[in-house]
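structure for the following, please:
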Amino acid sequence: MRIALIHALKHSVAPIEAAFARLWPEADLMNLLDDSLSRDVARDGHLTPTMTERFRNLTRYALGTGAQGILFTCSAFGPCIEACQAEFPRVPILKPNEAMIEDVLRVSSETGSGKVGLLATFGPTLDSMPPEFAGIAPRLQLVARLIDGGMAALDAGDPDTHDCLATHTARELPEDCDVIALAQFSLARAEFAIAQATGKKVLTTPGSAVLKLRRALVD
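The predicted structure follows:
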């Protein structure tokens, strides 16, 4: 079963492939990368109709190769992905965050916490993701934090600094944030370091997304 993974950041490829290897190794993966999308939205400061059409074109290409499901991995493009879902309603097309948000809601209900720490290294993600939370879990209170320098460290080939910055930012979240959500696939590499440093439940986008897509197509 072919699954298309569509990326706007090169750093998203390894974390999602690792999640598939762990949780759904039988899937036949294909990767489509257009990292100019992340540069363009950072430059423009907002999504544009042209970006939405680029997402539609990537979706059409993926389906043309025989993909039976699609997972987008960049969190800053929710409305663009929703346009693709609307065009192809019979195909499982997942936004990167929706499965994790559902898991955050479940865990928060179990712990009785209404406050969630949301960490990101890409600024536009913290603009696009809160509305996604509001649509699925409107009662949750988000405490959003940008990990300054985290993306630059990855771009410079320094993942250890990235993880240290992520851990430092996580420690600065309010004590009553019982759950920490890592808003980007590239942040998943810091999951265990953050959990160890804070003692809190940490949820990532790759693991939740793979399990939801597998349920939709196989289970």
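
what ranges do the helices span in the chain?
13-23, 36-44, 49-64, 78-87, 98-111, 125-136, 150-155, 159-171, 191-198, 205-217 (DSSP state H).

and those helices, which is most packed in?
Highest mean neighbour count among those (mean count of other CB atoms under 10 Å): helix 205-217, with a mean of 21. Heads up, the C-betas are built off the backbone N, CA and C, glycines and all.

give the contact list for residue 183.
The contact partners of residue 183, by CB atoms under 8 Å, 6 or more residues apart in numbering, come to 75, 97, 118, 119, 120, 125, 126, 129, 205.

7 Å - rerun?
Residues counted as contacts of residue 183 (CB atoms under 7 Å, 6 or more residues apart in numbering) are 75, 97, 118, 119, 120, 125, 129.

the third one bridge partners, please.
Note on residue 118: beta-bridge partners by DSSP bridges are residue 144, residue 181.

my read is that it contacts residue 147, right?
No. The pair residue 118 / residue 147 is not scored as a contact, 10.9 Å apart, by CB atoms under 7 Å.

how about the helices of the chain in a markdown table, adding mean pLDDT and distance to residue 7?
Converted to a markdown table, the helices of the chain look like this (pLDDT from 0 to 100; distance: least, CB to CB, whole Å):
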| stretch | mean pLDDT | distance to residue 7 |
| --- | --- | --- |
| helix 13-23 | 94 | 6 |
| helix 36-44 | 92 | 9 |
| helix 49-64 | 97 | 10 |
| helix 78-87 | 95 | 12 |
| helix 98-111 | 87 | 17 |
| helix 125-136 | 86 | 14 |
| helix 150-155 | 94 | 14 |
| helix 159-171 | 97 | 17 |
| helix 191-198 | 96 | 19 |
| helix 205-217 | 93 | 12 |
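
could these go into a markdown table alongside distance to residue 185?
Listed next are those as a markdown table, based on distance: least, CB to CB, whole Å:
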| stretch | distance to residue 185 |
| --- | --- |
| helix 13-23 | 5 |
| helix 36-44 | 12 |
| helix 49-64 | 16 |
| helix 78-87 | 14 |
| helix 98-111 | 10 |
| helix 125-136 | 11 |
| helix 150-155 | 11 |
| helix 159-171 | 13 |
| helix 191-198 | 11 |
| helix 205-217 | 5 |
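
which one of the ones you listed lies nearest to residue 179?
helix 98-111 (5.5 Å; CB to CB).

between the closest one and helix 205-217, how big is the angle?
100 degrees (axes from the mean of the first three to the mean of the last three CA atoms, to 10 degrees).

about what we covered before: neighbour-wise, which one of the contacts of residue 183 leads?
Within these, most neighbours by other CB atoms under 10 Å means residue 75, with 29 neighbours.

which residues touch that one?
Residue 75 sits next to 96, 97, 125, 128, 129, 183, 184 when contact means CB under 7 Å, 6+ apart.

is it true that the fifth one touches residue 98?
By that I understand residue 129. No. Between residue 129 and residue 98 there is no contact under CB under 7 Å: 10.6 Å.

out of the contacts of residue 183, which one sits closest to residue 156?
residue 120 (18.2 Å).

ok, now which ones touch the closest one?
Contacts of residue 120 (CB under 7 Å, 6+ apart): 126, 146, 147, 183, 184.

can I get those residues in JSON lines including distance to residue 158?
Output for the contacts of residue 120, formatted as JSON lines (distance: CB to CB, whole Å):
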{"residue": "126", "distance to residue 158": "22"}
{"residue": "146", "distance to residue 158": "18"}
{"residue": "147", "distance to residue 158": "13"}
{"residue": "183", "distance to residue 158": "20"}
{"residue": "184", "distance to residue 158": "17"}
